[in-house]
Each structure stands twice: as C-alpha cells, then as structure tokens.
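Enquirer: structure here, sequence nowhere to be found:
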C-alpha cells in the first residue's frame, strides 16, 4: 500500500499541473494576445491530454480522468484562442 | 494485467504531453517573445511537474520519472525565459 504522504504528493502535483492552465486562459481571454504561444505545443499537448483521458476511462482511474478532463478543457481553450487570434 | 493496447495508449499520451513543450522552447528561444505566456501558469506547472518527479522517484516508477524529468527541463526553460524577457 502506498504511504499516505506519497498519495498526497501525487494529488498536489496533479492539482498544480491541472489548474496551472487557468492563469493562461484568463490572461489570453483578457489580452487576446497569443503571439508568443506555440500552436505546435498546444496541438500536441491537447492531443496527449485527450489520450490520457481515454486511458483513464479505460483503466477506470478516477484521478487520471478528473485531472485530464479539466486540463483538456483549459488547454483546449488556449489552443482554440491561439487558432482564432494567431 | 493491463491490455498491451492500453499501455501503448499511455505511452503515446505521455510522449505527446512531454515533447509538446519542445516547440514552445524553440519558438521562445528564436523569438525571445514571451509576452502572451502566463508566468503564473509556468510557475505552477513547473512546480507540479517537479512534484510528479519526486512522486515517481518515491514510487520507483520509471515512466513517471522519465516523462516528468524531460517536461521539467523543457517547461523550466520556458519559465526562465519568461522571467528573463518578461
């Protein structure tokens, strides 16, 4: 069995990497400036997170599904705004 | 035992979310333009990935260590360039 501290560490890590996209979404919506953002990065990242989501569903792993569903939406918004504003 | 196809799916997902930061690093190094990148996003993301790295080491989980070590370096470079160029 995993020590509780290690589980807690994983939850904090998952929360940080998930909510980290929120400040980018807020900044991009406010400034409509996406010039220095790489479209290649977000295309690959959103696809990868989408695959993690499918992986989590197949494994019936709730933390993987929840974390990647949120990240998929947030990073997906940045990606769409990049496509829109160039 | 996990079906091989699901394991392969996880590896592709991990690879995509890891290498996705490379185009952002290349763009930022080339353009020195970080204006539309959120410093808050990268501060939280790099910290989160760092915690995943520690988590992987504690769990002795090689894929988690390898994926997050690469992501830590790449996203860390973008973060430092953002601090440098503002």
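Expert: Now that the structure is in, tell me what you want to look at. Here the structure is a predicted model, which is why all the values come from computation and not from measurement.
Enquirer: could you use CA atoms for every contact and neighbour count after this?
Expert: Will do.
Enquirer: thinking residue A:72 is in contact with residue A:48, fair?
Expert: No: applying C-alpha atoms under 8 Å, one finds residue A:72 not in contact with residue A:48, separated by 9.0 Å.
Enquirer: of those two, who's got more company?
Expert: residue A:48 (26 against 22; other C-alpha atoms under 10 Å in any protein chain shown).
Enquirer: quick check: nearest residue in space to that one, chain neighbours excluded?
Expert: Nearest residue to residue A:48 in three dimensions, chain neighbours excluded: residue B:13, at 4.4 Å (C-alpha to C-alpha, 6 or more residues apart in numbering or on different chains).
Enquirer: report the rounded mean pLDDT for the helix or strand harbouring that neighbour.
Expert: Using DSSP states H and E, residue B:13 falls within helix B:4-19. For helix B:4-19, mean pLDDT is 93.
Enquirer: other SSEs contacting that helix?
Expert: helix A:39-59, helix B:62-85 (3 or more C-alpha pairs under 8 Å, 6 or more residues apart in numbering or on different chains; DSSP states H and E).
Enquirer: comparing the ones you listed, which comes out most buried?
Expert: Among those, helix A:39-59 has the highest mean neighbour count (mean count of other C-alpha atoms under 10 Å in any protein chain shown), at a mean of 21.
Enquirer: do you know how far the one residue sitting closest to the centre of chain A is from residue A:45?
Expert: Central residue of chain A (C-alpha atoms, centre = their mean): residue A:71, 2.4 Å from the mean position. Residue A:71 sits 10 Å away from residue A:45, going by C-alpha to C-alpha, to the nearest Å.
Enquirer: what of residue A:83?
Expert: 15 Å.
Enquirer: and what of residue A:72?
Expert: As defined by C-alpha to C-alpha, residue A:72 lies at a distance of 9 Å from residue A:45.
Enquirer: do the same with residue A:16
Expert: Using C-alpha to C-alpha, residue A:16 is found at 16 Å from residue A:45.
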